[in-house]
Structures are given as structure tokens and as C-alpha cells.
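Enquirer: Prediction below, plus the sequence it came from.
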Amino acid sequence: QVQLTESGGGLVQAGDSLRLSCAASGRTFSNYAMGWFRQAPGKEREFVGAIGGSGVGTSYADSVKGRFTTARDNAKNTVYLQMNSLKPEDTAVYYCAADRWVGTYPRLQDNRYDYWGQGTQVTVSS
């Protein structure tokens, strides 16, 4: 069982930056790929970015590529999502999720992820 707790969301202006954190319980954090997903009002949940257990492999949605970066600190059981050059269309609830996947590169499909955090709101004003 893995419990995930996100933090770092908030209200910012377009062009600002935010860093989300996701702290995980358990002693085998490096055995999980970690993903970030978001859901805006009235829209389906969508993939944002993900990182493999070793931290080597990452993947990003085209909409955030070049602006968002995910990284992890396995010693702290924490994964981060650095969001730069934020846009109003980035407004959503952001979720981190854990996938028991040992491949170098993470999987992107949300149905592969077994554990989810409660989400943190990110609002970007224009």
C-alpha cells in the first residue's frame, strides 16, 4: 500500500512558476514509476508527466513539454513537478500517482497507476 500526499498548489498569474511535491509512504518508493495527471472542470483527466523509478526516464505531454519538469528524490520518497511559464489553460486539479513498474521509462496511461493522491488545485489567472 502506498499513500500519496500532494502539496504546493495555489493561485498564480500567467507566466509564474509553481513547484508541486508529492510525498509517498512506504519503503520501496524506487520500485514505482510516478506520474502527474490533471483534471480541469468539465474535462477528462489527462496525463501531464511521469518519471521512472530510477529517475532516469521521463515523459511529458506535448502541452507541457519544455515548461514542466518532473524529478524525484528517492531518499525522501518525494516526487516533484516544476511548472514554469504557467498558462491559464494549466488550471486544474493536479494529482500524483504511483505505478508499480520497473521499466526505465514510465507508462503514460492512467489506468496503469495503482495509487493516487488527493489532488492539489492549481489556478492560473490571465
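Expert: Yep, that arrived. Quick caveat: nothing in here was measured; it's all calculated off a predicted structure. Residues are numbered from 1 along each chain as shown.
Enquirer: unless I'm mixing things up, residue 55 is touching residue 75, no?
Expert: No. Using Cβ atoms under 8 Å, residue 55 makes no contact with residue 75, being 11.0 Å away. Yep, even glycine has a C-beta here, placed from its N, CA and C like the rest.
Enquirer: Would you mind telling me which of those two has the busier surroundings?
Expert: residue 55 (16 against 8; other Cβ atoms under 10 Å).
Enquirer: Next one: the more buried one from residue 72, what distance?
Expert: Plainly put, residue 55 is 5 Å away from residue 72 if you go by Cβ to Cβ, to the nearest Å.
Enquirer: ok, now residue 64?
Expert: Using Cβ to Cβ, we find residue 64 at a distance of 17 Å from residue 72.
Enquirer: ok, now residue 63?
Expert: Taking Cβ to Cβ as the measure, residue 63 and residue 72 are separated by 22 Å.
Enquirer: Of those two, give the one with the bigger neighbour count.
Expert: When residue 63 and residue 72 are compared for neighbours, residue 72 comes out ahead with 23 against 14, by other Cβ under 10 Å.
Enquirer: ok, the host helix or strand of that one: who's next to it in the sheet?
Expert: Taking DSSP states H and E as the criterion, residue 72 maps to strand 68-73. Paired neighbours of strand 68-73 in the sheet (DSSP bridges): strand 78-83 (antiparallel).
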